[in-house]
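> 3D, please:
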Amino acid sequence: MVTKKTLIIDLDKNLPQSNIVFEKLGMGYTGTMIAFFNTIEESANFYGVDPDKVVIEINQLIK
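Numbers count the residues shown, from 1 in each chain. The predicted structure follows:
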């Protein structure tokens, strides 16, 4: 299960299709090396996106 504290790099390794959610929500920089070491929450806050929304959408990909 993905949480707000999940690192972007872990998603990239284990759930690469999560990029669809980031792109949909306008979080374009999540594919950069710097962003890989941020959590979902840190990245969402940077873009002004609700981190809970990101987590919900990514967890729906897993189901």
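> show me what the one helix or strand residue 56 maps to is packed against.
If you go by DSSP states H and E, residue 56 is part of helix 51-62. For helix 51-62, the elements it packs on are helix 19-24, helix 40-47, judged by 3 or more C-beta pairs under 8 Å, 6 or more residues apart in numbering; DSSP states H and E. (C-beta placed from N, C-alpha, C; glycine too.)
> of all these, which lies closest to residue 61?
Residue 61 sits nearest to helix 19-24 of all those, at 6.9 Å, using C-beta to C-beta.
> and the closest one, what other elements does it pack with?
Checked by 3+ C-beta pairs under 8 Å, 6+ apart, helix 19-24 has helix 51-62 packed alongside it.
> in the chain, where is pLDDT below threshold?
29-31 (pLDDT under 70).
> grab the most central residue of it for me.
residue 40 (4.6 Å; C-alpha atoms, centre = their mean).
> wait, what's in contact with that one?
2-6, 8, 11, 51, 54-55, 58 (C-beta atoms under 8 Å, 6 or more residues apart in numbering).
> residues in contact with residue 57?
21, 24-25.
> which of these are buried? Put it as a ChimeraX command.
A single ChimeraX command is used to select the members of the contacts of residue 57 judged buried by 16 or more other C-beta atoms under 10 Å:
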select :21,25
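> using CSV, lay out the contacts of residue 57 together with distance to residue 32.
Conversion of those to CSV gives the following (distance: C-beta to C-beta, whole Å):
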residue, distance to residue 32
21, 17
24, 18
25, 16
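> distance from the chain centre to stretch 17-28, please.
Computed by C-alpha atoms, centre = their mean, to the nearest Å, the chain-centroid distance of stretch 17-28 equals 7 Å.
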